[in-house]
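Enquirer: Okay, structure incoming, though there's no sequence with it:
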């Protein structure tokens, strides 16, 4: 039992520790990519003295396009001017022609850091001087990697970093220059909420507010989806470990039934026996927990080593939750599955204990009560560990409901079988007789087999089907540039320019700054005084889905809001809203609530109005488009033709999301491997327990002349029948659970996956068939005398 518990907890803790460290690693990477906990990016310089006086660290960055000069070469670059607090998060990786190294400070005055592309284009070398405006800089380092890669850059241009103290001397920023101002903040959550509220109220069209875990951005949704994959892996491992520990506990109890009877016959009091066994269980639980966590820790260290090429940053240490959940599962299963039987053993006479059929007849009320309390406690453990009620509810309740349905169905079918008699010479009659005679235990075994197969299939589906669907959701030609500040008069020339250069753009949308007020809010939580980027149109944008209400029609129309806004401010259908644009107020109402796909790299909006109601307002326009890397002259020609249009590059963002998908894909392969291994252990425990229950019958049949070969054949046929049933039901359970995961957690279009059914049924038959062959050989080697002696 100790070995079985150690293996189960070792696998559970390894997945839990590995998933926790992966999640923390992605959190660190998310903050580094953003440059801090919170970012406000705008096209105008804000009055910093008006920022709320809360406890935070901040960094201010100027980003603009300009020309670098070296001898007779002139090249456009994205200049990033940083202050002394830069980088706020992470480290800057540089190369000094000798080796790569990291720093946590900006360039010294008079120095400039360039990325390799601009150095090659200029033909300059490290240590030489280049010009930016009226000032010369020495090229001191090559930029290898920088923390705030998520900040906007002027499209197509390679980067250069200078110290903000040198910016004024360059004289490159003139009135009307296109500059993006990025304000990065690092603070506690309560202070971040205050900052967000302030910036939301001063926000204008084209401004961007991003939290490092903001799900209303493509990157935020990618990190959220990655987190859900890791939580799913840990969740499945918890279920398998619980089932394995439960079966091992029941096997241990069954072996000790006779010992309890002997101790009672020798005069030991129930109180002393209870203390003895509680001490044994506590000791076993502690040893299994410590040994299992040690094994799990060593396994996850090997996983970290295997993934070092995909996760170049140092893995953060795991938090306390993986250790707590591993410990809790051991003692939870020992308590729930051993206490009811032990408590009954302690209370009844030795002669009744030895009549094993008596003590197993627990009152139905106690069985139901123990099961109910156990499920509540187990559910609480899962919620505590995942911190994700939706994921927990989907897997827990979908599995629980289907398991209860399957149990009832299987039990009913087995009860309906009415074979004439036990006849080992007729295998099919023997199978039907056994299925009917052991209908309760067979039903429970099928549930255990079904769950082990289903959990492996869910992990298999996640590592192949779901991740592949995630990959295909980001096509190679996804828009990699946003164009903002397009005027109405520039639209024809803008579209014509893109068409001439064979560049496909998304739809162009008007955008303006709108202030929202809720009329007659019922509580302080429902008060809205917030500025949003607002647009108007007639057709529902691609990637948006109406989840409540109706889209605009011929009758009086209101506005459509995103589900995030509805949830945050408690907005419901038909709530009265005042929209203020350029000082003019208009009363309207919430006509519909939309689910927005923030990952499609098209312009998306929290609030949309009906075109005829708002089209007279002054606005600029926004769109996105894809430019392939081979269009070398596109950037210079675009900047020359549209000097007032700001282009924001999404290349770094897309690369980061693709990197996240790759990391999750590789990491989940390891989680899948461990999940399959733990499922095999559960299958072994279940089949072993089943054969233990059949030992005495096999011994009796041998004494009346049945051959070992015949008994083995009957056993294998019986278990192959169970394997077919469990394989089909496991595939069904996995397909239904995957459907809910796709729809509600990963937000992927649900599909029927034939590979789940093929792999599930085939793996079930092969694995359970092989195990039945092994255990039947083991039983057949025992003589009837040995079996009957062991069972007393």
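Expert: Received it, and whenever you're ready, just let me know what you need. These figures come from a predicted structure and were not determined experimentally. Numbering: from 1, shown residues only.
Enquirer: alpha carbons only for contacts and neighbour counts from here, please
Expert: OK.
Enquirer: just checking, residue 78 touches residue 113?
Expert: No. Judged on CA atoms under 8 Å, residue 78 makes no contact with residue 113 at a distance of 11.7 Å.
Enquirer: ok, then the element right after the longest strand seen in the chain?
Expert: In terms of residue count, the longest strand belonging to the chain (DSSP state E) is strand 56-70. For strand 56-70, the following helix or strand on the C-terminal side (DSSP states H and E) is strand 73-82.
Enquirer: Overlap in contacts, residue 78 and residue 113.
Expert: Residues touching both residue 78 and residue 113 (CA atoms under 8 Å, 6 or more residues apart in numbering): residue 160.
Enquirer: how about the longest strand of the chain: buried residues?
Expert: The neighbour-count check on strand 56-70 (16 or more other CA atoms under 10 Å) flags 58-70 as buried.
Enquirer: still on that earlier bit, between residue 78 and residue 113, point out the one with more neighbours.
Expert: residue 113 (27 against 23; other CA atoms under 10 Å).
Enquirer: hey, what's that one bridged with?
Expert: Residue 113 has these beta-bridge partners by DSSP bridges: residue 141, residue 161.
Enquirer: Relative to residue 464, how far out is it?
Expert: Noted for residue 113: a distance of 42 Å to residue 464, by CA to CA, to the nearest Å.
Enquirer: rewinding a little: any idea of the mean pLDDT for the longest strand of the chain?
Expert: Mean pLDDT, computed over strand 56-70, is 88.
Enquirer: from here on, count from 528
Expert: Yes, from this point I'll number from 528; that puts the last item at strand 583-597.
Enquirer: Residues contacting it, please?
Expert: 601-615, 649-651, 656-660, 679-681, 684, 699, 705-715, 718.
Enquirer: List of residues touching stretch 693-702?
Expert: Counting by CA under 8 Å, 6+ apart, 593, 608, 636-637, 659-662 sit against stretch 693-702.
Enquirer: err, stretch 711-720, not the other one
Expert: By CA under 8 Å, 6+ apart, the residues outside stretch 711-720 that reach it are 562-567, 581-587, 615.
Enquirer: which parts of that stretch are buried?
Expert: Buried-residue list, stretch 711-720, by 16+ other CA under 10 Å: 711-714, 718-719.
Enquirer: Between all of those, which two are separated the most?
Expert: 711 and 718 (13.4 Å; CA to CA).
Enquirer: Most neighbours out of the contacts of stretch 693-702, which is it?
Expert: Counting neighbours by other CA under 10 Å, residue 608 leads the contacts of stretch 693-702 with 23 neighbours.
Enquirer: can you pull the pLDDT of it?
Expert: Residue 608 is assigned 92 on the pLDDT scale.
Enquirer: can you pull up the bridge partners for it?
Expert: For residue 608, the beta-bridge partners are residue 589, residue 689 (DSSP bridges).
Enquirer: how close does it get to residue 696?
Expert: Separation of residue 608 from residue 696 (CA to CA): 12 Å.
Enquirer: cool, residue 1250 as well?
Expert: Relative to residue 696, and taking CA to CA, residue 1250 is found at 78 Å.
Enquirer: Same question for residue 795.
Expert: The spacing between residue 795 and residue 696, counted by CA to CA, is 93 Å.
Enquirer: With neighbour numbers in mind, choose between residue 1250 and residue 696.
Expert: Neighbour count, other CA under 10 Å: between residue 1250 and residue 696, residue 1250 has more, with 26 against 13.
Enquirer: What are the neighbouring residues in contact with the more buried one?
Expert: Under the criterion of CA under 8 Å, 6+ apart, the contact list for residue 1250 reads 976, 1288, 1291-1292, 1295-1296.
Enquirer: next one: phi and psi at residue 1194?
Expert: Main-chain dihedrals, residue 1194, degrees, to the nearest 10: phi -70, psi -40.
Enquirer: Tally up the residues packed near residue 845, please.
Expert: 18.
Enquirer: Just confirm it contacts residue 547, I think it does.
Expert: Yes. Using CA under 8 Å, residue 845 makes contact with residue 547 at a distance of 5.8 Å.
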